[in-house]
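[1] The amino acid sequence is not available; the structure is as follows:
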């Protein structure tokens, strides 16, 4: 089944089997989306890692297909985003139907002037293939296929994993062990850690089919469509003329029956009519859970992505949260490994990404409750909302077929310096993700092109004399400044005025932007010590 | 909750002709079966809630409408 050719990546006999043992800074378990993204983000900062995977190929099935803008921005910095955009289907609009009538339309990128679109749909196997290729070309990363973790021991200084290979077992010692091994995380099981949460009973059928269609590049969601009148259907386009059709089946469906090609075809025939032909790419019947670990850091083991938290698929909050986890962790782990920050900086990975996971689970659970009401009154309000949506705009806004992933807000992080000034009209507050905007510069036409692997000071000032002192290790971006840039600063031309508008960038305004593109602090006119003090706090010295 | 502790939710009469409105609501349900009543009420609540627009008043109303001894509205 399917047109994607799953290539087998080579297994190589690990050096440890021949007695060559040493302690590695980072061992990552799991080569899905999170693991290779983290390895590449670490390598970009000079940190070596070993990535272990029990398999030797990419994800089977298209699985997580909606790659969000914030993930593309992470992958841009590790050289993968361009391929994802070129291969995938760019989209930003969605249409929700009741029966065959459109009742709600959304546009996720109403304003132009961003390097990346709201979403690119691309099958997970392609994303993993591109990540693997970059990892295999990277000297600091060793990607070990057919290496299965079967045991873990921890002491205060390190973690050791027992690894099974076709040539036998060996032990690998790491300063930090990063579990990126998915919802059924072996690391979590081996450490006996709980994964509390909620399971949902409704079953869904994914039929990914190859079908050249004239469907617009948008997300479509139907409640009670004529071709599936008892439930809902979700439609996405993917690369290679593949369509994702996701049928809600209800609680009582028989998954084995539903998976049979003739039964899948019968549903598809009702949807697409008698004259259309297709081939099957991937079929899956699934239920889902919302779960989150109580802590994401356990001694020397750190949990990332689905290993740490899972949500329902409505809203594309699984794979994208995993990428955001990796981006949050990479710079912190680098600082800790290099001795520039205390290990307690990693506690903020846990608190910030747990807050993000809570937000994702809340949103995903609300969507799930709307799509699959659990009790009669819930269904009555859902249907009332749908019925009112045609004539009443307020009800359209309540129609919840999935609230799509945007960067989560991480308010109250101990790394952030709260606003001291109160006259902000707009602009990302501390704890929010930075906003992209177009700039004129020969090294890149967008703000995100000018953010490096470290902290960035963004300053709106007409005169170079008004720029604040750059704290050590930060890069300066100055906007609206005449004349040559002083040492450490890059001058950006805000031709369209969007930087100033998006950042409420009045004269003297300064932002401190973290390596993961979150805002750590901002000021109208910082006093001399303020940026350095905010930087200390943001790096765990606060 | 006593009158003194009241917050955003209005507790005194706010209708010029209360009997008329009361009977209009009841009459609107007259020819509906239970399931239709539930659907009707859900639509009515959503329309009125959006019209009220005051989240604090709505939350107070949710709490006040819940009969005593049947748990809090968020116990689910």
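    Done, it's in. Small disclaimer: the values here were computed from a predicted structure and weren't measured.
[2] And residue B:54, what's its pLDDT?
    The model reports residue B:54 with a pLDDT of 97.
[3] hey, where'd the helices end up in chain A?
    A:34-43, A:69-76, A:81-87, A:124-136, A:186-190, A:255-259, A:261-272, A:319-337, A:345-371, A:376-389, A:393-398, A:498-502, A:530-536 (DSSP state H).
[4] Between those, which one is closest to chain B.
    Evaluated over the helices of chain A, closeness to chain B peaks at helix A:376-389, with 3.6 Å, by Cβ to the nearest Cβ. In short, each C-beta sits where N, CA and C put it, glycine included.
[5] CSV for the helices of chain A, including mean neighbour count?
    Listed next are the helices of chain A as CSV, based on neighbours: other Cβ atoms under 10 Å in any protein chain shown:
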stretch, mean neighbour count
helix A:34-43, 28
helix A:69-76, 24
helix A:81-87, 17
helix A:124-136, 21
helix A:186-190, 19
helix A:255-259, 13
helix A:261-272, 15
helix A:319-337, 26
helix A:345-371, 20
helix A:376-389, 18
helix A:393-398, 16
helix A:498-502, 20
helix A:530-536, 20
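[6] Those helices: which one's closest to residue B:44?
    helix A:376-389 (8.5 Å; Cβ to Cβ).
[7] Now do the same contact list for the most centrally placed residue in chain A.
    Residue closest to the average C-alpha location in chain A (Cα atoms, centre = their mean): residue A:320, at 2.0 Å. Residues near residue A:320 by Cβ atoms under 8 Å, 6 or more residues apart in numbering or on different chains: A:66-68, A:70-71, A:405.
[8] Can you name the residue of chain B nearest chain A?
    Closest point on chain B to chain A, by Cβ to the nearest Cβ, is residue B:42, at 3.6 Å.
[9] just the angle between the helix or strand encompassing that residue and helix A:376-389, please?
    Secondary structure assigned from DSSP states H and E places residue B:42 in helix B:34-52. Orientation of helix B:34-52 against helix A:376-389 (axes from the mean of the first three to the mean of the last three Cα atoms, to 10 degrees) gives an angle of 60 degrees.
[10] which parts of chain B sit against chain A?
    Taking Cβ under 8 Å from any Cβ of the partner chain, the part of chain B that reaches chain A is made up of B:38-39, B:41-43, B:45-47, B:50.
[11] Which one of those sits in the busiest neighbourhood?
    residue B:42 (21 neighbours; other Cβ atoms under 10 Å in any protein chain shown).
[12] Could you double-check that it sits in contact with residue A:383?
    Yes: between residue B:42 and residue A:383 there is a contact under Cβ atoms under 8 Å: 7.4 Å.
[13] Give me the distance between residue A:222 and residue A:53.
    In this view, residue A:222 and residue A:53 are 38 Å apart by Cβ to Cβ, to the nearest Å.
[14] Tell me, what's the model's pLDDT at residue 11?
    Picking chain A for this. Taking residue A:11 on its own, its pLDDT is 97.
[15] That was the other one, I meant chain B.
    Residue B:11 is assigned a predicted lDDT (pLDDT) of 93.
[16] Might you report the residue contacts of residue 40?
    Picked chain A for this. A:78-80, A:131, A:134-135, A:138, A:141.
[17] Let me rephrase: I mean chain B.
    B:28-29, B:32.
[18] May I see those organised as a markdown table, with secondary structure, neighbour count and pLDDT added?
    Output for the contacts of residue B:40, formatted as a markdown table (DSSP: H, G, I helix; E, B strand; the rest coil; neighbours: other Cβ atoms under 10 Å in any protein chain shown; pLDDT from 0 to 100):
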| residue | secondary structure | neighbour count | pLDDT |
| --- | --- | --- | --- |
| B:28 | helix | 13 | 97 |
| B:29 | coil | 14 | 97 |
| B:32 | coil | 13 | 97 |
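[19] next one: the helix holding residue B:42 to chain centre, how far?
    Here helix B:34-52 is found 9 Å from its chain centre; the criterion is Cα atoms, centre = their mean, to the nearest Å.
[20] Give me the next element, helix or strand, following that helix.
    Using DSSP H and E, the helix or strand that follows helix B:34-52 towards the C-terminus is helix B:55-65.
[21] That following helix vs helix B:34-52, what angle?
    Using the same axes, to 10 degrees: helix B:55-65 against helix B:34-52 is 150 degrees.
[22] returning to what we had before: okay, the contacts of residue A:320 in a markdown table with distance to chain B and pLDDT next?
    A markdown table is the format used below for the contacts of residue A:320 (distance: Cβ to the nearest Cβ, whole Å; pLDDT from 0 to 100):
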| residue | distance to chain B | pLDDT |
| --- | --- | --- |
| A:66 | 29 | 96 |
| A:67 | 34 | 97 |
| A:68 | 29 | 96 |
| A:70 | 29 | 96 |
| A:71 | 33 | 97 |
| A:405 | 25 | 85 |
